[in-house]
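Trainee: Need a 3D model of the following:
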Amino acid sequence: MKPELDQAAMAKAFFGSQHPLFNAFGIDVVAVVDARAEMTMPFSETLADGHRALHRGTLVTLLDTTCGLAIFSALRSLRPIATIDLRVDYLRAIPAGSGLRAVVECIGWTDSVAFVSGRGYAVGDKMPLATVTGSFAIDTLGPAFDTTDRSAA
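Mentor: Purely as a prediction, here's the structure:
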C-alpha cells in the first residue's frame, strides 16, 4: 500500500474516532498526500449564525486542523505539534447554508517548526473565502498521535 493511502487512512481513523469536536463538526478527511491536506465540513444549523451561515470560528477550526494534517503528511509522522501562529484573512463572507472546504500545504519545516499556507472555500465554490498561513511547533510536550497507548497522554 502506498504511504499516501496509509496517511489518509490513519488520519480518517484518528479524526473520525478520537476527537469529539471534529465529530460534532462533521469534519471529513478528503485527501492527505505530499505535504498537502484537504478536509471538509458540512453545513450545520447548530453552528450557524442568524443569517444561516456557518460561524467564522468553524472555518478557523477547519483550517487549523487541516494545517496540522498537512504537517503530519510532510513529516510522515503524527508527532506532537502545536500552533504557534495562525493568521486567517477573510476575503468574503461565508454563504448561507454552505459547508466548508480547506486545502493546506506544508511549505517547509525545520527541526522544530513547520510552516503552512492554504485556503478555505465554500463547498462547490472555486473562489476562496479566506487564506491561512501559520507556524507550528514540532515535537511539543503533547501526546504523539500515532501511539496506541493513550493512557500516558
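Trainee: State which helix of the chain is the longest.
Mentor: Using DSSP state H to define each element, the chain has its longest helix at helix 56-75.
Trainee: State the mean pLDDT of that helix.
Mentor: For helix 56-75, mean pLDDT rounds to 94.
Trainee: What is the subsequent helix or strand relative to that helix?
Mentor: strand 81-90 (DSSP states H and E).
Trainee: just checking, what packs against that following strand?
Mentor: Packed against strand 81-90 by the contact rule (3 or more Cβ pairs under 8 Å, 6 or more residues apart in numbering; DSSP states H and E) you find helix 56-75, strand 113-122, strand 128-138. In this view, the C-beta of every residue, glycine as well, is placed from N, C-alpha and C.
Trainee: What pairs with that strand, parallel or antiparallel?
Mentor: When pairs are called by DSSP bridges, strand 81-90 turns out to pair with strand 128-138 (antiparallel).
Trainee: Now the spatially most central residue of the chain: closest residue in space, sequence neighbours ignored.
Mentor: The centre of the chain sits closest to Thr66, judged by Cα atoms, centre = their mean, with a distance of 1.6 Å. Once flanking residues are discounted, Thr66 sits nearest to Ala102: 4.0 Å by Cβ to Cβ, 6 or more residues apart in numbering.
Trainee: Quick one: residues contacting that neighbour.
Mentor: Residues near Ala102 by Cβ atoms under 8 Å, 6 or more residues apart in numbering: 37-40, 59, 62-63, 65-66, 118-121, 132.
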